[in-house]
Structures are given as structure tokens and as C-alpha cells.
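In: Turn this into a structure:
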Amino acid sequence: MSDRKKLLVIGDRVLISPDSGEDRTKVGLYLPRTVTERDAVQSGRIVATGPGMPLPAPKDMDDEPWKSNFHEPHHVPMETRIGDHAIFLRKAAIEIKYEDKTYLVVPQAAILVLLRDSDKSEES
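Out: The predicted structure follows:
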């Protein structure tokens, strides 16, 4: 068994590697200073996503308590994918440090725009 630990993202959150504080992102998007200061917008690359917002199982509504309570978890699927470049509201982000790297945990609802390679968007 490996002692190596792994970050797991929970629910409808994403783990983002933030871009540096430059006005132009690595993928070529230009964020004017008025936007970044007024709306506190930030960008970065998505490195992990959660499974999505959990949904209650239909069995939870049954009036028959003798039935098995085991059910497979169901989630509202995520729109974000690993490798997407996201522009998001900075105030919704939580900064964490893991293995000497800084990451941001952001709820999917705080993401304003995704930039995805066209070949990745055709995969699903």
C-alpha cells in the first residue's frame, strides 16, 4: 500500500491551479484591469473536479422500511472538465496549499466561463 496521499474534490467543486496575476492568461484571454479589480475575477486551469451535486435516491421516498437501504449514489453531472481553463469569481474561491503548490477550490456555480480545446468538447 502506498503512503502517497491524493486530493479528492467533493460535490460540485473544482480544484484550480490559478494563473499568475498577469492581465493576459496563458491561453490568450485578456482580462482588462477594470474587470479584475471591479468584479474580482480570476482565471486558472482545472486540475480536478468533484462528482457533482448529490441527488437523493428515489428509494429514500419509499414507505417500505423493510427494503434494502443500499443504493448507488447519483449526482448532477459537472460541466467542467480537467484541463478546462476557467474564469471565476475570486470571492468564492478558497485557497489551499498542497505539496508546496497553491490551488483554489471553487464551486461550479462561481465559474463564469470555460475555455476548452475543441477536440475535448467532442469527446462527451
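In: quick one: pLDDT of the residue nearest to Lys101 when sequence neighbours are not counted?
Out: Using C-beta to C-beta, 6 or more residues apart in numbering and skipping residues adjacent in sequence, the residue nearest Lys101 is Ser17, 7.3 Å away. Bear in mind the C-beta positions are built from the backbone N, C-alpha and C, glycine included. According to the prediction, Ser17 has pLDDT 95.
In: For the top strand by length along the chain, which strands pair with it and how are they oriented?
Out: In the chain, taking DSSP state E as the definition, the longest strand is strand 41-49. Note on strand 41-49: by DSSP bridges, its sheet partners are strand 13-18 (antiparallel), strand 85-89 (antiparallel).
In: Hmm, Gly11 is touching Pro51, no?
Out: Yes. Counting by C-beta atoms under 8 Å, Pro51 is a contact partner of Gly11 at 7.5 Å.
In: how close does Lys5 get to Ala109?
Out: Distance of Lys5 to Ala109, given as C-beta to C-beta, to the nearest Å: 28 Å.
In: These two: who's more crowded?
Out: Ala109 (12 against 8; other C-beta atoms under 10 Å).
In: where does the more buried one fall, helix, sheet strand or coil?
Out: helix (DSSP: H, G, I helix; E, B strand; the rest coil).
In: okay, it: pLDDT?
Out: Taking Ala109 on its own, its pLDDT is 95.
In: Alright, I will stop here.
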